[in-house]
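Participant: here is my input; please provide its structure:
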Amino acid sequence: MELKTFYKWFNSQSVLLKVILLIIPFVGWVIELLVRGSRAADKKDGVSIVMFVLFLFVGWGWFLNVIDIIYMALSGHLILADD
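Facilitator: All right, here's what the predicted structure looks like:
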């Protein structure tokens with residue numbers, strides 16, 4: 001699997017697996033960075049780059065992670081990280 005397509009792999013997984021991966025404290029932050037970084041590298045749009053930088057510096061806290069888990073449970077993908 002190419003790193004640029006990690007977000008596609010992540011979005012193809014079941015919601016339960018995605019929640020489990022995101023709920024683990026450090027692993028959730030790393031998964032968020034991989035998803036957002038691969039999305040930014042693949043799409044090269046401003047929103048993806050801003051979201052990657054935001055989660056790089058602020059995403060290690062629980063606040064954005066909890067919001068993302070709730071949004072992902074409802075929609076099936078992370079905020080602004082779908083195909």
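
Participant: how many other residues sit next to the residue nearest to D68 when sequence neighbours are not counted?
Facilitator: Counting by CB to CB, 6 or more residues apart in numbering, D68 lies nearest to L78, which is 5.3 Å off, once chain neighbours are set aside. Where you see a C-beta, it was placed from the backbone N, CA and C, and this is true even at glycine. For L78, the count of nearby residues is 24 (other CB atoms under 10 Å).

Participant: what strand or helix carries the nearest residue to I79 once chain neighbours are set aside?
Facilitator: Among residues not flanking I79 along the chain, Y71 sits closest, at 5.1 Å (CB to CB, 6+ apart). Assigned by DSSP states H and E, Y71 belongs to helix 62-75.

Participant: OK, contacts around the residue nearest to the spatial centre of the chain?
Facilitator: Residue closest to the mean C-alpha point of the chain, counted by CA atoms, centre = their mean, is E32 at 3.5 Å. Contacts of E32 were listed using CB atoms under 8 Å, 6 or more residues apart in numbering, and they are 22, 55, 59, 64-65, 68, 78.

Participant: repeat for L64
Facilitator: Per CB under 8 Å, 6+ apart, neighbours of L64: 32, 54-55, 58.

Participant: where along the protein do the helices fall?
Facilitator: Taking DSSP state H, the helices of the chain run over residues 6-12, 15-23, 25-43, 46-57, 62-75.

Participant: hmm, back to that, what's the angle between the helix holding Y71 and helix 25-43?
Facilitator: Helix 62-75 runs at 70 degrees relative to helix 25-43, counting by axes from the mean of the first three to the mean of the last three CA atoms, to 10 degrees.

Participant: any idea how far helix 62-75 is from the chain center?
Facilitator: 10 Å (CA atoms, centre = their mean, to the nearest Å).
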